[in-house]
Every structure is written in structure tokens, then in C-alpha cells.
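[1] A predicted structure for the sequence below; I have some questions about it.
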Amino acid sequence: MSKKWGAILVAAFLLGFGLKKFITSSESPVPAANNSATFTSANQKGVDLYDHDDSRVRIVYFGFTHCPDVCPTSLAMLSAALKQIDESQLNQILPLFITLDPERDTPEKVHQYSQYFHPNILGLSAPIDTVKPIAEKYGVVFQRTELKDSQLQYTIDHNSYFYFLKPNGDLITKVPHTLNPAPLVTAIQQL
């Protein structure tokens with residue numbers, strides 16, 4: 001009986017160690033992008049997510065303007081965090097809201113939506129062929145879900161994180177959806 005328990009303990013240890021190794025490797029920093037990732041702003045100007053001439057850290061949130069609760073709450077928390085930091089810190093970051101629903105979210109609409117929360121949040125849109133690989137690169141999980149008997153016709157189910165990126169696209173950290181701006185303020189101050 002003791003050999004059986006020993007074998008079970010060894011198997012459990014190896015399984016736990018392997019699981020930890022898998023989780024740790026999936027949380028490793030995202031490698032820098034080799035290509036540009038150009039989105040469109042409200043003035044139809046192209047904005048490259050990986051603009052090496054802009055040294056500000058990007059705080060990127062992926063969502064959509066028809067989101068009923070998660071996106072507005074997250075952008076409100078980002079806005080509250082931006083209001084709590086000093087001017088020098090504010091000048092070192094570039095807050096971005098990138099739509100996962102370019103079919104409905106024109107650059108003008110995303111801009112207007114972002115500006116409702118804070119004048120420093122830049123709203124961006126691009127064709128889904130541009131958005132999808134960038135979102136997947138950082139682990140954004142999203143899918144279109146049809147809504148029968150709804151005027152909205154569909155929604156976009158998605159996870160909710162703030163992605164802190166270097167200008168070259170390297171992931172610095174990510175902060176999960178929060179109902180308190182403190183985690184975002186802390187992450188900004190640690191930059």
C-alpha cells in the first residue's frame with residue numbers, strides 16, 4: 001500500500017510541476033512585433049501600435065462600444081486611474097481603446113466613446129484582419145455571439161485586461177478587469 005501511495009504522490013507532483021511549467025510559460029512576455037500594427041483614429045490618421053518614435057508606454061484595452069457593462073466599467077476605472085496620476089506620469093503613457101467590433105465601430109464612433117471617459121484615451125479601429133492577430137498575440141479571447149430577437153443582432157464576448165506594452169510591442173504586464181482604479185495606478189507608478 002505504501003508503494004502505491006508513493007507512486008500516486010510522485011504522479012501528483014509531476015502533474016502539478018508540469019501544470020505550473022505550462023502556466024508559467026504561457027504567461028511569459030510576448031515577443032516584440034516585427035511588423036507594424038496600424039489602426040485608424042477619428043481623423044482617419046493611421047496610428048501604429050508599435051511606433052518606435054513614440055516612447056510612451058501603451059495601455060491597451062480591447063473591447064467594443066456596444067458592450068453593456070464590462071467595457072464601460074473598465075474604461076471608467078482607467079479614467080479614474082488617469083485622474084489620480086501626476087502630469088509627468090500621464091505624459092509617459094498612451095491609453096488606447098481598440099475595438100473588437102470594427103463592423104459597427106467606425107474610427108469616429110470609437111473616438112467619441114473613448115473621449116466620453118477621458119480625453120487622453122485614444123479610440124482606434126481597424127479591419128478585423130488587423131485586429132485579430134494583434135489581439136491573439138496578447139491573449140485576448142473574443143468571439144462574436146449572435147443575439148436572436150435583439151436589435152443589437154450580436155455581441156462580442158471577450159476577456160477584460162489592460163495590456164501595458166513597450167513601444168516595440170513587448171508586453172510589460174497586464175492588469176485584469178477591476179472595480180477599483182488602484183491596481184492600474186500601481187501598475188502605472190511601477191513603470
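    Received the coordinates, thanks.
[2] the most centrally placed residue in the chain pairs with what?
    In the chain, the centroid-proximal residue (Cα atoms, centre = their mean) is residue 61; its distance is 3.7 Å. The partner list for residue 61 in beta bridges (DSSP bridges) reads residue 97, residue 162.
[3] that one and residue 114: what is the separation?
    In this view, residue 61 and residue 114 are 9 Å apart by Cβ to Cβ, to the nearest Å. Every C-beta, even on glycine, is put in place using the N, C-alpha and C of the backbone.
[4] which residues do the two both contact?
    Taking Cβ atoms under 8 Å, 6 or more residues apart in numbering as the contact criterion, the residues that touch both residue 61 and residue 114 are 75, 97.
[5] give me the secondary structure label for the closest residue to residue 152 other than its chain neighbours.
    Nearest in space to residue 152, with sequence neighbours left out and distances taken as Cβ to Cβ, 6 or more residues apart in numbering, is residue 66 at 6.1 Å. Secondary structure for residue 66, judged by DSSP: H, G, I helix; E, B strand; the rest coil, is coil.
[6] OK, contacts around the residue nearest to the centre of the chain?
    Residue 61 sits next to 71, 74-75, 78, 95-98, 160-163 when contact means Cβ under 8 Å, 6+ apart.
[7] same check on residue 157?
    For residue 157, counting by Cβ under 8 Å, 6+ apart, the contacting residues are 142-145.
[8] among those, which ones are in strands?
    142-145 (DSSP state E).
[9] per-residue pLDDT, residue 44?
    At residue 44 the predicted local distance difference test score is 70.
[10] what's the burial count for the nearest residue to residue 70 once chain neighbours are set aside?
    When the adjacent residues along the chain are set aside, residue 70 lies closest to residue 160, with 5.1 Å between them (Cβ to Cβ, 6+ apart). For residue 160, the tally of surrounding residues (other Cβ atoms under 10 Å) stands at 17.
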